[in-house]
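Trainee: sharing a model prediction with you, sequence too.
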Amino acid sequence: MTVAPVWAAGVCAGLHAAGSRHVVYVPDNPLSHVLRILREDFPDVRTTLATREEEAFGIAAGLYLGGAKPTVMLQSSGLGNSLNALTSLLVPYKIPVLIVISMRGDAGEWNDAQVPMGRAVRPICDAIGIPHMTLDAGDAAERTIRLVAQTAFATRTPGACLLPRRITVPAPRAVEGRSPSDQ
Amino acid sequence: MHRLDATRQLIASIGDEPVVASLGHPAYDLYAAGDRPSNFYTWGSMGLASSIGLGLAMAQPDRRVFVLDGDGSLLMNLGSLATIGWVRPPNLVVIVWDNEEYGTTGGQQTATAHGADLEAAARAMGAARTATVRGEQAFCDAIATARLEPGPWVIVAKVSESAPAVKPPLDCVFIKQRFMAAIGQPEDATRGGRT
C-alpha cells in the first residue's frame, strides 16, 4: 500500500473545498498520487484525461461555460502546449480555471531537456496575465490550492498553483551507479 | 451545399440549443445565419471548438450541444476525437464543415483535399455515430437523426466556401456572459462569480 503524500492529499482537499468537481489532466508521475487519492476518496470528482494540455484547457473552458468549476492538472512541460488556449480563449473570455502545475526543471531536476521550460513557467504566466503561487510546504497544499482556486473563480481569471519538485519528489537515495528513475 | 445555407438549416431546426463555433468563417456564418444568445463564437484557440463542446456536453448532459468545426481546425486537434470517443457524451454533435481548404486564411488546401477522411478518423477513435453528407437534404436528415438519437455524433458535411460578409460581436466577455445566461448558468454580475 502506498502512503498518500501530504501535499497530494492537500491538493485534492483544496480543489474539492473550492467546489471543483472536474479535473482535466495530462498525467505525470507526482500527479499520479493526486489522481489516486481523487479516485479513492473523492468519488464526486470526475477526472478526464486529455491527449494534450491545450485540449485540456478547451475541455475545461466548456465545463465552465456549462456551470462547472474546472481544474486542469499538467506538468510544467505542457505549459508550452497550452499557450494558444490560454491567450486566445481563457484569458480574453475571462474563463477561470484552477491550474495545478507539477514542476520540472527546478531544484532536483536530472533531465536537461526539462530545464528551459521549467525556468520559463513563471515569466510566461506573468507575461500572459495568469497569477501564480508556488507551494512552499507539503502541509500548506490544501490552503494554497483552495486560495488560488477561490481567487480564480471569484475574479474570473485562470490561476495557477506550482508544485515544486522539492515537495513532490521524495529525495532520492544516493545509490552509486544507478540512474535516477524517470519522472 | 454552401456552408451558410447549411448553417441556416441547422439553426432553423435546433431551437435554442447551444452551438459552439470554430473561429473565422464557421463563426461568421453562424452569426449571419442568425445571432442567438446560445451561440458561442470563438475568436481564437483554433482547433478547440470540439473540446469546448465536449466540456459543455459533460457539464450539461440534458442539453444537446452542437459544435461547428472546420476541417483545418479539427486537423489541428485530432486528439480531441480520441477523447470524445473515450468520454462518449451521448449529447454531443460535432459538425465538421469540410471545404477541403483553410477558408479563412485564403483558401489553401487542407489534407482532406488529398485523401484525409475525418469521418473515418472519428469512427476509428470511437465516436458512436458518424456520417459524411453532401447536399442540403442529406445534411438536414443527418441533423434530424442526431437531434434524437444518442451520440456522440461526428457529421462531416462537405461544403463549398463562400466569403461571409458579416462578423459576430467582438467582445469576448459579452459573448461568454450572454451564452451562459442563455443556457441557465448566468455569471453573477455583482458577486464576482458563482460561489
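Mentor: All right, it came through fine. Keep in mind that this is a model prediction, so the values were computed, not measured.
Trainee: out of everything not next to it in sequence, what's closest to B:Ala182?
Mentor: Among residues not flanking B:Ala182 along the chain, B:Pro37 sits closest, at 3.5 Å (CB to CB, 6 or more residues apart in numbering or on different chains). Every C-beta, even on glycine, is put in place using the N, C-alpha and C of the backbone.
Trainee: before we move on, what SS does the one you found have?
Mentor: Secondary structure, DSSP: H, G, I helix; E, B strand; the rest coil: B:Pro37 is coil.
Trainee: using the three-state scheme, assign the residue positioned nearest the centre of chain A.
Mentor: The residue lying closest to the centre of chain A (CA atoms, centre = their mean) is A:Val100, at 1.8 Å. Following three-state DSSP, A:Val100 is assigned to strand.
Trainee: burial count for the nearest residue to it once chain neighbours are set aside?
Mentor: The shortest distance from A:Val100 to any non-neighbouring residue, by CB to CB, 6+ apart, is to A:Met73 (4.4 Å). Each residue near A:Met73 was counted by other CB atoms under 10 Å in any protein chain shown, and the total is 29.
Trainee: state the distance from A:Met73 to A:Cys161.
Mentor: As judged by CB to CB, to the nearest Å, A:Met73 and A:Cys161 stand 10 Å apart.
Trainee: show me whatever sits in contact with both of the two.
Mentor: A:Ile99, A:Val100, A:Ile101 (CB atoms under 8 Å, 6 or more residues apart in numbering or on different chains).
Trainee: so the second one is in contact with A:Val72, correct?
Mentor: Yes. If you go by CB atoms under 8 Å, A:Val100 and A:Val72 touch, sitting 7.2 Å apart.
Trainee: identify the residues contacting B:Ala33.
Mentor: B:Leu4, B:Thr7, B:Arg8, B:Leu10, B:Ile11.
Trainee: need the per-residue pLDDT for it.
Mentor: B:Ala33 carries a pLDDT value of 97.
Trainee: and if you look at B:Gly107?
Mentor: 92.
Trainee: so what's the residue count around it?
Mentor: The burial count for B:Gly107: 12, using other CB under 10 Å.
Trainee: surely it touches B:Ala163?
Mentor: No. Using CB under 8 Å, B:Gly107 makes no contact with B:Ala163, being 9.9 Å away.
Trainee: now the strands for chain B?
Mentor: Here chain B has its strands, by DSSP state E, at B:19-21, B:39-41, B:65-70, B:92-98, B:101-102, B:108-109, B:129-134, B:153-158.
Trainee: could you dump those strands to CSV with distance to chain A and mean neighbour count?
Mentor: Converted to CSV, the strands of chain B look like this (distance: least, CB to the nearest CB, whole Å; neighbours: other CB atoms under 10 Å in any protein chain shown):
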stretch, distance to chain A, mean neighbour count
strand B:19-21, 7, 30
strand B:39-41, 7, 26
strand B:65-70, 8, 30
strand B:92-98, 10, 28
strand B:101-102, 16, 20
strand B:108-109, 19, 11
strand B:129-134, 19, 19
strand B:153-158, 16, 26
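Trainee: and B:Ala82, which of those strands is closest to it?
Mentor: With respect to B:Ala82, and counting by CB to CB, the nearest of the strands of chain B is strand B:153-158 at 12.0 Å.
Trainee: what's next to the closest one, contact-wise?
Mentor: B:1, B:6, B:71, B:81, B:84, B:92-100, B:118-119, B:122-123, B:127-134, B:139, B:142-143, B:146.
Trainee: one more pass at 6 Å, please.
Mentor: Under the contact criterion CB atoms under 6 Å, 6 or more residues apart in numbering or on different chains, strand B:153-158 has outside partners B:6, B:93-98, B:118-119, B:122, B:127, B:129-134, B:139, B:142, B:146.
Trainee: coming back round to it: what's the closest of the shared contacts of A:Met73 and A:Cys161 to chain B?
Mentor: Within the shared contacts of A:Met73 and A:Cys161, proximity to chain B (CB to the nearest CB) peaks at A:Ile99, which comes in at 15.1 Å.
Trainee: spatially nearest residue to the closest one (excluding sequence neighbours)?
Mentor: With sequence-adjacent residues excluded and distances taken as CB to CB, 6+ apart, A:Ile99 is closest to A:Ala160, at 4.0 Å.
Trainee: I figured the one you found was touching A:His132, is that so?
Mentor: Yes. Using CB atoms under 6 Å, A:Ala160 makes contact with A:His132 at a distance of 4.1 Å.
Trainee: between these two, which is the more surrounded one?
Mentor: Neighbour count, other CB under 10 Å: between A:Ala160 and A:His132, A:Ala160 has more, with 24 against 17.
Trainee: for that one, give its distance to chain B.
Mentor: The gap separating A:Ala160 from chain B is 17 Å, by CB to the nearest CB, to the nearest Å.
Trainee: need the distance between the two termini of stretch B:126-136.
Mentor: Stretch B:126-136 has an end-to-end distance of 26 Å (CA to CA, to the nearest Å).
Trainee: what is the mean pLDDT for it?
Mentor: 97.
Trainee: so A:Ala85, which of the three states?
Mentor: helix.
Trainee: now the residue lying closest to it once chain neighbours are set aside: phi and psi?
Mentor: Leaving aside its chain neighbours, A:Ala85 sits nearest to A:Phe57 (3.8 Å; criterion: CB to CB, 6+ apart). Backbone torsions for A:Phe57, taken as degrees, to the nearest 10, come to phi -70, psi -30.
Trainee: do the same with A:Leu162
Mentor: phi -100, psi 130.
Trainee: now do the end-to-end distance for stretch A:42-55.
Mentor: Start-to-end span of stretch A:42-55 (CA to CA) is 24 Å.
Trainee: is that stretch anywhere near chain B?
Mentor: Yes. Contact of stretch A:42-55 with chain B (CB under 6 Å from any CB of the partner chain) involves A:Ala50, A:Thr51, A:Arg52, A:Glu55.
Trainee: now that stretch: average pLDDT?
Mentor: With pLDDT averaged residue by residue, stretch A:42-55 scores 98.
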